[in-house]
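Q: my questions are about this predicted structure, shown below with the sequence.
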Protein chains: 2
Amino acid sequence: MLSKYRKRKMEMATPPPQSSFNDSNNSHKNNQNGIVQSLLTDLYQVTMAYAYWKSEKRHEIAVFDLFFRKNPFKGEFTLFAGLEECLKYLQNFRFSDSDINYLRTILPPSVEEEFYNYLGSLDASEVSLYAVPEGTVVFPRVPLVTVEGPLPVVQLMETTLLNLINYASLVATNAARFRMAAGKKQLLEFGLRRAQGPDGALSASRYCYIGGFDGTSNVLAGKMFDIPVRGTHAHAFVTSYVGLQDLKNRILQSLQMLTPLDGGSPVDFVSACIDLREEVCKTLDVLHEETKQSELTAFIAYATAFPKGFLALVDTYDVLRSGIPNFCTVALALHRLGYKAIGIRLDSGDLAYLSKAVRQYFRKIADRFEVPSMANFTIVASNDINEDTLHSLNQQGHEIDSFGIGTHLVTCQRQPALGCVFKLVEVNKQARIKLSQDMDKVTLPGKKSIYRLYSHEGHALIDLMQRPHEQPPDNERRVLCRHPFEESKRAYVSPGSVQLLQKLYWTKGEIQEYLPSLKEIRERAIQSLATLREDHKRALNPTPYKVAVTADLYQFLHDMWLDNAPIGELS
Amino acid sequence: MLSKYRKRKMEMATPPPQSSFNDSNNSHKNNQNGIVQSLLTDLYQVTMAYAYWKSEKRHEIAVFDLFFRKNPFKGEFTLFAGLEECLKYLQNFRFSDSDINYLRTILPPSVEEEFYNYLGSLDASEVSLYAVPEGTVVFPRVPLVTVEGPLPVVQLMETTLLNLINYASLVATNAARFRMAAGKKQLLEFGLRRAQGPDGALSASRYCYIGGFDGTSNVLAGKMFDIPVRGTHAHAFVTSYVGLQDLKNRILQSLQMLTPLDGGSPVDFVSACIDLREEVCKTLDVLHEETKQSELTAFIAYATAFPKGFLALVDTYDVLRSGIPNFCTVALALHRLGYKAIGIRLDSGDLAYLSKAVRQYFRKIADRFEVPSMANFTIVASNDINEDTLHSLNQQGHEIDSFGIGTHLVTCQRQPALGCVFKLVEVNKQARIKLSQDMDKVTLPGKKSIYRLYSHEGHALIDLMQRPHEQPPDNERRVLCRHPFEESKRAYVSPGSVQLLQKLYWTKGEIQEYLPSLKEIRERAIQSLATLREDHKRALNPTPYKVAVTADLYQFLHDMWLDNAPIGELS
């Protein structure tokens, strides 16, 4: 573990090798692999930094909490993700000369040269960042990240940190919800073409894997993040072939010779398929004239290329009257040469009905040709599937083994943004509060320690925030947990165990914790979700998980609230 | 024009200067500025490429159409965007050794070394790309882009081209809808923190500008794309100040000295404000004890930093009882020194009501202090605004001059994906068709010429697709336009003028057309939208714009359809 720790720390600390421009494939540094620019921020962060600088607040030490107020997708949990990208951003936080020259063109000419010098001197060495570990289940109002440092510096980081965490956590949570809906079925992320830009797609692949997906179609994501990649062929492949005559000239025929798995002389694979076709069609009660030859040709070409990985898209013409007979023909021909076909993909139609009908066909073929395993061919489905589709398929019954999910997963159609905010809670050790007419928007002032209290059975019971000087909760005594805003909501909790939620990830210019691999984060997410009671996770009307404050923090918050709120006057 | 043309062509053709790694701010190459990797594709494109290669189809010349089937947001138009990024991708289309080594690890060991050599040799030099100019209004089924080239090469490009066009066109269209709803009000894009990743945010800023926004808060987008950037301060800025005592020590007091615009001795700006406060409060019928001193302090600090750009966020405590009196106090103090304050921003509450109430307050101040221009202070609003909010505000009446729009704009909450597809229409000059039970999903086979027919008044009447050998439509004769699928829907059209929609943008490894600047694309979008009749653009139940085929293409399509569709059998 230690050597792994060192290795990952090293990777974080060492800049990646410089790419040669001529190798265009390496010169694309996207944010996942590379560096997010410090100028990727809202202009008002820069204008505020100047006003802070101007009124001598540059050395004031501020604390900001990053949190959200509502779980996404009408659910009661969120998976926290994006932390490693935030740490890389801190590592590289710096304004270049070119940035500063640009800022000169957009700020007023009255801005002093000293301010630009100051900006040019900034880095994250005076900043400390505390965070919940990536892949942890989190809840509203709990600070996922707390950043402490010089007021203007931390202010400048607000937008970028929000950008890096908002979508990452949203899509990881979405993936976790699909995972729960799909049970143990395979889940593949197919969202690249519909994602919000190239890096949106890479983020989607990365964070869906954390959330419990098994793989992606995105090759670059596979390369960059070591995620399993999957894919076979599309409709265009099928329609690009006309008919068996395509494969009949001498050169092509020789290309369609297939050597049996155990060796021996190559066999004319086209003829092997044609020999089987009639019997397959008879078994499935389909006229073989109805099966599309162009489709059979495409399947033969694909199977010859991937005899060990034959998975066919069967809905280009007609699933049951052409696609399935053609697939079974080729699968049986492969079987005779010792190869096992994988299965089929459905990309349209009524997936519950079709998958069950296809399974029946597979059983008929398995019986007639005495290959029992053929009853269990994999059925992949990939037609515009969302979370509700999965629940509906579960209710109807289906025979799908694997889902390819794109648009709804990566764009988070049901709720395309998580509303993380970044709120000032302390300046120079003095707590700050942000009031609002809307009680939910009132902030919890001051630095806080955050604990998760578990039952004796290991279930997460409640998250408890307290003031830093308070004694940490432990399993020796019961602790009073209060709703932060509603006076009457209180409960004593006697935890079986207690976990401090935030760790110090960054201080003095260095990463302080081992950064786990993507697979390890995925594992943490699974474990963290497992500590959550089922009723918090169910799809319909889940029970809210409780987030509380201690009596001390409750008092502190409400005193401060009263001190700051104006007294209304009715007239 | 020619020199501009040359300049932009040069820029496209010349690689950007190599960045030094140590300048971290330049080493981030995101897709907008730099290069999208060729490996950013679905795995099935690679497996299909192998199967094509294996069955000797590598030299077959394929034609693919990129189009969508339905306009987004329940509208009847779409703005086409993303073309320049596609052309940059073609320019850099190439698999590196590192890519090929990665592919070796995920493809079966049976894949021949010759295939990897073939992959390594690929570029876009044998590919031609035709497209509608970026910023043009487009409609369902019309090919936005047509790509012609060796079957495996064009197949490998499918996913990336879709990724680059889908979100760009979607968000540009969304922006154009906000623009129509907002009329002539200023529109600012504030979406960075909620966008789907760093580059998602940059794409959003870029394409919202094309769609008619006036600026962005995203500083990096401003730098990269020369978009106006806007922003002042946030709630944290206000809560970071405690009270006037913050500014009372000698150093700080000297910092809050403000020199009058026309020169002269610096004035103690804090005292200047305090002197005005009571009279302002009296004018607005507010108790000056109710106005928050911390807020006034923050406003003073901000105004001292930006005396010519004072725009205050006024809802941290209470808009009417604290924010507006404090703003007016500082604005009047600035006025006495010759500066003009800009206005205020509202970020919560009932925007229609508040903006009208604020305008009343401004009028009272303008009267009382005899500064008529103060009645016209800018009111910016920025609280979770969507297209419907704008329509609703228009109905209620409001006094807002400028909208800052984030989440709903950049995530396209109302419909977060545009369903562009990339369909094979021809191989080796033989047309191909993709059938579907769903008529809308049947493709239009073969290469097509696409024309937009305008009325004599200059309105776009209909888009007409025809077979390449057909005579182009002109204003000398009427042409029969047919609905591609519905037999009875036909119309004769006598156009006032005719426009060929697609241009050849890429062939023989080079960009063939002048690539306009972002501002020019924005201008084209405005002009293109102006050719569209109002009823096609209205928010509620707009009239569909007609997309038709010639009689010849109609016949060709339907003959091919019948030849390929299976005949059903009821039993």
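A: Sure, I can see it.

Q: which of the helices or strands spans A:Pro152?
A: Counting by DSSP states H and E, the element that carries A:Pro152 is helix A:151-182.

Q: same deal with A:Leu188?
A: Take DSSP H and E as the rule and A:Leu188 turns out to sit in strand A:186-189.

Q: what is the neighbour count of the nearest residue to A:Glu84 once chain neighbours are set aside?
A: If the residues on either side of it in the chain are set aside, A:Glu84 comes closest to A:Leu515, at 5.6 Å by CB to CB, 6 or more residues apart in numbering or on different chains. C-betas here are computed from N, CA, C, even on glycine. With neighbours defined by other CB atoms under 10 Å in any protein chain shown, the count for A:Leu515 comes to 19.

Q: where's A:Leu515, which helix or strand?
A: Using DSSP H and E, A:Leu515 maps to neither a helix nor a strand.

Q: and the gap between it and chain B?
A: Distance, A:Leu515 to chain B, by CB to the nearest CB, to the nearest Å: 19 Å.

Q: now do the phi/psi pair for that residue.
A: Backbone torsions of A:Leu515, given as degrees, to the nearest 10, read phi -100, psi 110.

Q: go on, A:Gln502?
A: Torsion angles, degrees, to the nearest 10, at A:Gln502: phi -90, psi 140.

Q: report all helices and strands that the host helix or strand of A:Glu295 contacts.
A: Take DSSP H and E as the rule and A:Glu295 turns out to sit in helix A:293-305. On a contact count with 3 or more CB pairs under 8 Å, 6 or more residues apart in numbering or on different chains; DSSP states H and E, helix A:293-305 meets helix A:235-239, helix A:269-284, helix A:324-336, helix B:43-54.

Q: ok, the following helix or strand past the third one: who's next to it in the sheet?
A: If you walk from helix A:324-336 toward the C-terminus, the next helix or strand you reach (DSSP H and E) is strand A:343-346. The sheet places strand A:343-346 alongside strand A:311-313 (parallel), strand A:378-381 (parallel), with pairing taken from DSSP bridges.

Q: pipe those strands into TSV and attach mean neighbour count and mean pLDDT per row.
A: Below are the strands paired with strand A:343-346 laid out as TSV (neighbours: other CB atoms under 10 Å in any protein chain shown; pLDDT from 0 to 100):
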stretch	mean neighbour count	mean pLDDT
strand A:311-313	26	97
strand A:378-381	22	98
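
Q: out of these, flag the one nearest A:Gln37.
A: strand A:378-381 (39.6 Å; CB to CB).

Q: ok, A:Leu337 - how many residues close by?
A: 18.

Q: hmm, back to that, now the helix holding A:Pro152: average pLDDT?
A: Confidence over helix A:151-182 (mean pLDDT, whole number) is 97.

Q: is it in proximity to chain B?
A: Yes. Under the criterion of CB under 8 Å from any CB of the partner chain, chain B is reached by helix A:151-182 at A:Leu151, A:Gln155, A:Glu158, A:Thr159, A:Thr160, A:Leu162, A:Asn163, A:Leu164, A:Asn166, A:Tyr167, A:Ala168, A:Val171.

Q: could you break chain A into its assigned domains?
A: Per automatic domain parsing, the domain ranges recorded for chain A read A:2-180+A:415-564, A:181-410.

Q: would you put the C-alpha positions of the helix holding A:Glu295 in CSV?
A: Backbone C-alpha positions of helix A:293-305 (Å, rounded to 0.1, in the frame of the first residue of the first chain) are rendered in CSV as follows:
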residue,chain,number,x,y,z
GLN,A,293,-28.8,-11.7,-47.7
SER,A,294,-27.0,-8.4,-47.2
GLU,A,295,-27.3,-8.8,-43.5
LEU,A,296,-26.1,-12.4,-43.6
THR,A,297,-23.1,-11.2,-45.6
ALA,A,298,-22.3,-8.5,-43.1
PHE,A,299,-22.6,-11.0,-40.2
ILE,A,300,-20.3,-13.4,-42.0
ALA,A,301,-17.7,-10.7,-42.6
TYR,A,302,-17.9,-9.6,-39.0
ALA,A,303,-17.6,-13.2,-37.7
THR,A,304,-14.6,-13.9,-39.9
ALA,A,305,-12.9,-10.8,-38.5
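
Q: could you check the angle it makes with helix B:43-54?
A: 90 degrees (axes from the mean of the first three to the mean of the last three CA atoms, to 10 degrees).

Q: what helix or strand is the most centrally placed residue in chain A located in?
A: Compute the mean C-alpha point of chain A, and by CA atoms, centre = their mean the closest residue is A:Tyr207, 2.2 Å away. Element membership for A:Tyr207, per DSSP H and E: helix A:198-210.

Q: is that helix in proximity to chain B?
A: Yes. Contact between helix A:198-210 and chain B, assessed by CB under 8 Å from any CB, occurs at A:Pro198, A:Asp199, A:Gly200, A:Ala201, A:Leu202, A:Ser203, A:Ala204.

Q: who's in contact with the residue of the stretch 151-300 of chain A found nearest chain B?
A: The nearest approach of the stretch 151-300 of chain A to chain B comes at A:Gly231, 3.3 Å away (CB to the nearest CB). By CB atoms under 8 Å, 6 or more residues apart in numbering or on different chains, the contact set of A:Gly231 is A:Ser217, B:Asp42, B:Leu43, B:Tyr44, B:Gln45, B:Val46, B:Thr47.
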